[in-house]
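build me a model:
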Amino acid sequence: MRTVVARALVLALMLALGPALAASAAPDGTATPAPPATLSVVGWPAGVVPHVPLNFRIVAFARGLEGPRSLLVLPNGDVLVAESRGAEEGRPSANRVTLLRDSTGAGVADQRFALITDLNRPVGLALRRDRLLVGVSDALESCPFLVGQTRLHGECHSIIDLPSAAGHDRWARPIAVNADETRVVAGVGASGDATADERDRLEPARATVLSARPDGHDVRTVASGLREPLALAFEPASGRLYATVGERTLADGSRAPDFLTHLEDGGFYGWPVALLGNHEDARAAAEHSPLIAATRVPDLLLPAGSLPRGLVFYHRDQFPKDYRGAAFVALAGSAGATFDAGFKVVAVPFANGKPSGPPTDFVTGFVKDAAAGEVYGRPSAVAVATDGTLLVADESGNTVWRVIFKCAACTPDPVVPTGRPRHAH
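Alright, predicted model coming up:
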């Protein structure tokens, strides 16, 4: 007989979440009041910028974009931005990939070029040799591209067809390429929220991360049971594939924690029948018991509704040693979630290819007035520039920010010699 009920499940999740839930409490330990059910994006007034830690500085790298959803830094320092919006936002989607260039070395993009237009809501970006791979809402596109170009000299073509959400619900298709460039992976969200709907039943590629050769052949499932894979990245020291995942609404209307986890080949991660390992969802059918027992436990839980849309591993030397090897995660935040659960970039320490501590706030200040539901913007992506600074895409503030470590009084940290793996301390 099923004994799991919604409230008991929520309690189990809270006990398991530990440090991540602590981030959702006010400094005095009291619960943070829930925000309004809707968000109002007011934009960034002149002179107002996000907050960064002591001895860091943040400046606008590029303004006036249209929904910058993801970033890709090219070897020559150019930055690609996928500009997309979902149909639920009620505004047109730019549907393009824009190239930003700092031609003077001043740390600001003074040139921009529309590299690819008329795409179907691009999000995933990856470079492999002379091909730019783009994850759009219904396919993985391959485009001829050489670093340094400001326009394509050829047509893009689809190498993998992916289930389409027509811009609704979980339409983003993040991608990543492994270190030896032999495989490309792509995340596909579920169509249903808490339970599988007809599209989920008819299209087994939903709620999965897929892997293929760069030419689109040999497509297979890496991991399943992932309601919404939001970002994918390979951890450099271990080569493990990590994903950030947006979780479901529970039976009582609250939300389950989002999470960051490595993906094991063939692993099942719970949607829609279980959470956090074998914690059964009260709505699961009895025949799913074997699947529930096989559910993997995520590596690191994140606050419910935080929407971890961006993920990057820091592998440069510009930041202090405590950040080397860490993962930066962009938490876009969502309506109905506590404001300190999202609307910021957090740093997750890593050691030996695994998270070694709870996330800490790194870029904050996106919320103008929590009581009124007003935000300046929402961070959606992170990338490491060639000079070691951190780039943050602000999808609602239509800005790419640049975070710099600058401390004249600080003693430089020792640099790990090239060729040795870097770990968080």
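
so where is the stretch 101-250 of the chain shaky, pLDDT-wise?
When the per-residue scores of the stretch 101-250 of the chain are filtered using pLDDT under 70, the ranges that remain are 165-168.

try 80
Under the criterion of pLDDT under 80, the regions of the stretch 101-250 of the chain flagged as low confidence span 165-169.

strands of that one, start to end?
Applying DSSP state E, counting those that start in this stretch to the stretch 101-250 of the chain gives strands spanning 111-116, 124-128, 131-136, 139-144, 157-161, 175-177, 184-188, 208-212, 220-224, 228-234, 241-246.

now those in JSON lines, with distance to N352?
All C-beta spots, glycine's among them, are computed from the backbone N, C-alpha and C. As requested, those are arranged in JSON lines below (distance: least, CB to CB, whole Å):
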{"stretch": "strand 111-116", "distance to N352": "38"}
{"stretch": "strand 124-128", "distance to N352": "26"}
{"stretch": "strand 131-136", "distance to N352": "30"}
{"stretch": "strand 139-144", "distance to N352": "32"}
{"stretch": "strand 157-161", "distance to N352": "33"}
{"stretch": "strand 175-177", "distance to N352": "21"}
{"stretch": "strand 184-188", "distance to N352": "22"}
{"stretch": "strand 208-212", "distance to N352": "23"}
{"stretch": "strand 220-224", "distance to N352": "21"}
{"stretch": "strand 228-234", "distance to N352": "15"}
{"stretch": "strand 241-246", "distance to N352": "14"}
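
ok, which of the ones you listed comes nearest Q318?
Comparison of those against Q318 by CB to CB identifies strand 228-234 as nearest, at 18.9 Å.

name every strand pairing with that closest one and say which way it goes.
Using DSSP bridges, strand 228-234 pairs in its sheet with strand 241-246 (antiparallel).

what's the first helix or strand after the strand it pairs with?
strand 258-262 (DSSP states H and E).

what mean pLDDT does whatever helix or strand comes next after that following strand have?
Read in the C-terminal direction, the helix or strand following strand 258-262 is strand 267-268, with elements assigned using DSSP H and E. Strand 267-268 shows an average pLDDT of 96 in the prediction.

how far off centre is strand 267-268?
When C-alpha coordinates are averaged (CA atoms, centre = their mean, to the nearest Å), strand 267-268 and its chain have centres 20 Å apart.

and the contacts of whichever helix or strand comes after that strand?
Next helix or strand after strand 267-268 toward the C-terminus (DSSP H and E): strand 274-275. When contacts are defined by CB atoms under 8 Å, 6 or more residues apart in numbering, strand 274-275 is touched by residues 9, 13, 225, 247, 256, 280-281, 284, 288, 291-292, 295.
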